[in-house]
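# Based on what follows, work out the 3D shape:
(chains A, B and C)
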Amino acid sequence: MENINKNISELHDLLVNKKVTSEELIKESIAKCHEIQEKTNSFVMILDDAKPTDVTDSLLSGIPYGMKDNFSTKGIVTTGSSNSLKDYVPFFDATVIKKLKEAGAVGVTKTVLDEFGMGCTGTTGHTGIVHNPWSYKRSASGSSSGSAASVACGVYPFALGSDTGDSIRKPAAYTGIVGYKPTYGMVSRYGLFPYASSLDTVGCLTRSVEDAAIVVDAIKGIDENDMTSWDSSDIKLKENLDGEVKGKKLFYIKEICDISNYANPSDELKEHLDNFKKTVELCKSLGMGVEEVNVDKTLLNALPPTYVVVSYAEATSNMSNLTGISFGPRGEGDNVMDMIKDHRTKGFSPLIKRRFVIGSYVLQSENQEKYFLNAKRVRRLIVNKMNELFNKYDALILPVGSGPAKYLDENMNIYNGENNVLEEHLQIGNYGGYPSITIPNGFVSKLPVGVNITGKVKDDINVLNIAYALESKMDYKNQLAREVE
Amino acid sequence: MSNFTKEMINNYADKLLIGLTSEEEEMIQSEFDQIEKNMNLINEIPDISKVEPLSFPFEVTLTDLRSDEDASEEIPIDILLQNCDSYEGREVEVPKVVG
Amino acid sequence: MEYKVVIGLEFHCEMKSHTKVFSRGLNGYNKTPNSNIDPIDMAFPGTLPVLNKECVKKSIMMASILNCKIPEYMTFDRKNYFYPDLPKGYQLTQFFNPVGTNGYIDIDVNGTNKRVFVHDIHLEEDAASLDHYYNTSTIDYNRAGVPLLELVTEPCINSADEAIAFLEQVRNIYQYTDISECDSKKGQIRCDVNVSIMNENDTELGTKVEVKNVNSFANIRETINYEIKRQSELKSSGRYNEVIQETRRYDDESGTTIHMRSKVDAIDYKYFTEPNIPRFKISEELVNEIKNNIPMLANDRKAKYISEYSLSEYDASVLVKDKKVSDYFEECISYGCNPKSACNWITTRLLGELNKNEISIDEVYIKPNMINELVQLVENKKISSDQAKKVFTYMLEENITPLEIVKKYEMEVIEDSGLIESLVNEVISENEKAISDYKNGRTNMLDYLVGQVMNKSKGKANPSEAKNKMLEKLS
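Residues are numbered from 1 along each chain as shown, chains lettered A, B, ... in the order given. Below you'll find the model as predicted:
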């Protein structure tokens, strides 16, 4: 009898009623991880000797989960899926890892990511490509690729992820599960390898909105080690999940959702946008108002490059500590600077090198005004616009991406110059630090697709409730991946 | 004809102490014009320079800070250096630094 | 040919605090390498800065004292560059929004007043320390993250004397406010010195040369004088074009400055706002609270010594020059010591001893309570003031207290009038000629005779008693 693919509350009940033990769950989980590893390559490491914990009042006690390999785990190798840290063993836990330990959850895997979180295909990790469990020929998206794929396979009910532009919420859509990025600062980033500090947010991948609420309840909280964290002790997520959404007002952006915006829409895109329309109708049937809103196209088109500029620039600075001097494999060289360069040259994959070159370029003093500062100005404009809209509406609802997961092919990572806001709008959630959640809303070409709900700062309960209500009206809650292609 | 030469690409990478293989150089060089073109979409917004840059997702203002007395405990040296490939006694060792 | 000299200073000083400015690592000298470490000091991945309130308050206090404009919010910026002593690959500093801007301080330069304008003062962190060996270097991260205050002047200083007078005034303020010990011997100070020269009537400034990381006031003076000479010689001989905009360093051994890099090789630091530290509101209440708690500065103490203790202006100046000396003086008084006596001992004997042995006042054996003990002994007429001078010397040589010395050398003044009388009688009987000389009008013989009594008593007789008794007997 398989238990591990059940949701958190069910597992907790089984544990409390001694129908199953923590040890059994962990054993089941680890066995399943080994099973899926060959085909999905979700894991940097499977912790075969993970120890069970006592079952307490805590909903997460005794339950196994996955840890994206950019969260510092004390005594356990944490690589960021990069060769520059391939043997690095932190001597402290990230705050969220510590909190989950305190809640009794048991980390059983370190999952693969796009190197340091800088990617959206799941192809740049140093242990190789992550394959989508729905179709091994396809990408699971990224950067929380391994976390999404493993949760989708049902090896455990949740995994930690991090989201800088869409890294939790897009993989969730492509693997048919739930990805929740809370309000910026709600969850401590201490111990998370940074990508872009003003955008990075800790969140989770689960198979239901309720589970996402339970997990974030356990990991959120002000942390004296993270000055950007704030006190959310009066926000109780699971407790307030009641699906009461009548009278809520949502909006979507015409320039993104309307098929007429696309010159040569593929069939998949048409199907995807139709799916979205159906979801909008579902919202209305729940008593929510949904309106179409215009946002200036010039502003929208500036979003993807804004992300490129701001995040790549911050990343170059955040990764400047990776020199191999006090940690990481030493480079070779007769002098220190050559030694540092050798470590970095060998340690970073070509794709993040490209991002670094761009980051370096936009921070040159002669380019700062034109690119870096202007990008930060665009950030203010979009945040102002969103805040204006959030004064009128409860949340923004949009389709995730242009359809289902993409095929893994060698051209995947070539810069094709496309500036497609439909693929990139999830960044809006990071620019303004907004709570944002993706849930599955159907299938295109037999593969899962998702819809995203984003709300105002600190209004996580509202956003979760809207997702919860919608989820209950569809058939995808708790769905498990199955190979369809 | 690209606006960017291989030297320029190499220079930006070198400023971050990163070396590029010739393939990497070529890949980045071939993409850079397009990358720059896209970045210039930022500058198509009228009067963009008049807007105040935003450095944080939302304005947070702290009113209190960590106390000076709040100190961390000493960390055993073998733990501090457990990931270090080259050290002498209690100190990290590197090739001689000149200049 | 004498040119007008234009100097600007960037003076870095390590601050005093229990923990570092952005980390909980201890801030304090520790000779065990890598013992004052919090994970962020070595920039382990995932670590984040945590700002220290005390450092912020102290920086606001200094900005206040320097009459600077203080911004509404405290923010920080990253200065990005690679160097083995910079673990994060960037330094946290204040580039866009320093804690104090557009200030000034009035100084006294050899009797003349001068106002030095402060461009800005800002709070930042120090780098790790490197030790160099034959073909390796080692890194000690104890110093990484130590709080620094950097004070940048306008180019308004015109001589080495002015520069040093300014720096001494700043050091004084740092010491009196307890913001920093400002001790060059402990490596707590570093100054970048910018020097240019121009013709007296020119409106355009000459070529600016920067000399980095000069680490003592003496070296700063040398640096300035050397640069003035070097640049002047080139300009006078028509080779001013050889004075280029460059960064140099001061070489201790040769007493000269040496080229490091030129302007074209200047590093682009890619400054941007630190995203991990939200802005901190510097409220009016906070600024007022800090202003009201500024401790007495040197000038305030000096004024007090003059008005309350009737010390001379000169003596008061000497006492306040070094805060430790001033504190020492005040501690003497706290024991009840007479201020003028304490002042005398400090200025006429103690400071000389310190200079001779190149030690500081907290390293010398003689403590304030001992000064007080010595003064009390004289005031209570237990010993004479001549003897007190000897006691002082013995204290330094033997490191024992005044009371112990008086006991050891049996220096206690003889009060017993019977004993004095018998000594007087002895002297009279042994000095017939002197007695008759005295009686014949040579009154100065009295001093000789009293001196004989003092000799017999090994200096212990009460001199005025002896004199009185002698006069009695001779009359």
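
# drop to CA atoms for contacts and neighbour counts, all remaining ones
Fine.

# any weak-confidence spans in the stretch 201-350 of chain A?
Filtered on pLDDT under 70, the stretch 201-350 of chain A yields no residues whatsoever.

# Same question for chain B.
B:1, B:99.

# Also chain C?
For chain C, the ranges with pLDDT under 70 are C:1.

# which SS class is the residue in it that chain A sits nearest to?
In chain C, the residue that lies nearest chain A is C:G46 (3.9 Å; Cα to the nearest Cα). Three-state call for C:G46 (DSSP: H, G, I helix; E, B strand; the rest coil): coil.

# Give me the nearest residue to it, chain neighbours excluded.
A:G191 (3.9 Å; Cα to Cα, 6 or more residues apart in numbering or on different chains).

# ok, that neighbour touching A:F71?
Yes. A:G191 lies in contact with A:F71 (Cα atoms under 8 Å); the separation is 5.9 Å.

# Give the intersection of the neighbour lists for the two.
Shared contacts of A:G191 and A:F71, defined by Cα atoms under 8 Å, 6 or more residues apart in numbering or on different chains, are found at A:93-94, C:46.

# which residues does the spatially closest residue to C:N399 that is not a sequence neighbour contact?
Leaving aside its chain neighbours, C:N399 sits nearest to C:Y365 (6.2 Å; criterion: Cα to Cα, 6+ apart). By Cα under 8 Å, 6+ apart, the contact list for C:Y365 reads C:395-396, C:399.

# gap between C:Y365 and C:M395?
For C:Y365, the distance to C:M395 (Cα to Cα, to the nearest Å) stands at 8 Å.

# Ok, C:T256 next?
43 Å.

# For A:S143, list the residues it contacts.
By Cα under 8 Å, 6+ apart, the contact list for A:S143 reads A:113-115, A:117-122, A:162-163, A:167-168, A:171.

# and the residue nearest to the spatial centre of chain C, how far is that from C:V264?
What sits nearest the mean C-alpha location of chain C, by Cα atoms, centre = their mean, is C:D322, with 4.4 Å. Using Cα to Cα, one gets 42 Å for the distance from C:D322 to C:V264.

# repeat for C:H119
For C:H119 relative to C:V264 (Cα to Cα), the value is 25 Å.

# Equivalent analysis for C:C332, please.
58 Å.

# Please apply the same query to A:L286.
Taking Cα to Cα, one finds A:L286 at 66 Å from C:V264.

# Between those two, which is the more surrounded one?
Neighbours of A:L286 and C:V264, each counted by other Cα atoms under 10 Å in any protein chain shown, are more numerous for A:L286; the result is 19 against 8.

# quick one, what contacts the more buried one?
A:245-246, A:469-470.

# Could you do C:D108 as well?
C:114, C:165.

# In three-state terms, label it for me.
C:D108 ends up strand, using three-state DSSP.

# what pLDDT does the residue nearest the centre of chain A get?
The residue lying closest to the centre of chain A (Cα atoms, centre = their mean) is A:I168, at 1.1 Å. The score at A:I168 is 98. That number is its pLDDT.

# my read: the residue nearest to the centre of chain C touches C:N172, true?
Yes. C:D322 lies in contact with C:N172 (Cα under 8 Å); the separation is 7.0 Å.

# who's sitting farthest from the centroid in the chain?
Picked chain A for this. A:D334 (41.3 Å).

# Oops, wrong one, chain B.
B:E69 (32.0 Å).

# still on that earlier bit, tell me the contacts of the residue farthest from the centre of chain A?
B:P95.

# so is it in a helix, a strand, or just coil?
Under the three-state scheme (three-state DSSP), A:D334 adopts coil.

# Just read off the phi/psi values of it.
Main-chain dihedrals, A:D334, degrees, to the nearest 10: phi -80, psi -30.

# how close does it sit to A:S84?
Look at A:D334 and A:S84: by Cα to Cα, they are 20 Å apart.

# just C:E353 next, same as before
C:E353 is 59 Å from A:S84, by Cα to Cα.

# and the nearest residue to C:A128 once chain neighbours are set aside, what does it touch?
If the residues on either side of it in the chain are set aside, C:A128 comes closest to C:A144, at 4.1 Å by Cα to Cα, 6+ apart. Applying Cα under 8 Å, 6+ apart to C:A144 gives the contacts C:41-42, C:85-86, C:125-129.

# And the residue of the stretch 251-400 of chain A closest to chain B?
Per Cα to the nearest Cα, A:R377 is where the stretch 251-400 of chain A lies closest to chain B, at 4.1 Å.

# ok, now chain C?
C:T136 (3.9 Å).

# which residues pair with that residue across the strands?
B:P95 (DSSP bridges).

# Spell out which residues of the stretch 251-400 of chain C are next to chain B.
Where the stretch 251-400 of chain C comes near chain B, counting by Cα under 8 Å from any Cα of the partner chain, the residues are C:260, C:273, C:275, C:278-281.

# Those residues in strands, which ones?
Among those, DSSP state E puts C:260, C:273, C:279-281 in strands.

# which parts of the stretch 151-300 of chain C sit against chain A?
C:268, C:270, C:275-278.

# May I ask which of these has the most neighbours?
C:I277 (24 neighbours).

# mind listing what the nearest residue to it once chain neighbours are set aside touches?
Leaving aside its sequence neighbours, C:I277 sits nearest to A:M227 (Cα to Cα, 6+ apart; 5.9 Å). Under the criterion of Cα under 8 Å, 6+ apart, the neighbours of A:M227 are C:48-50, C:276-278.
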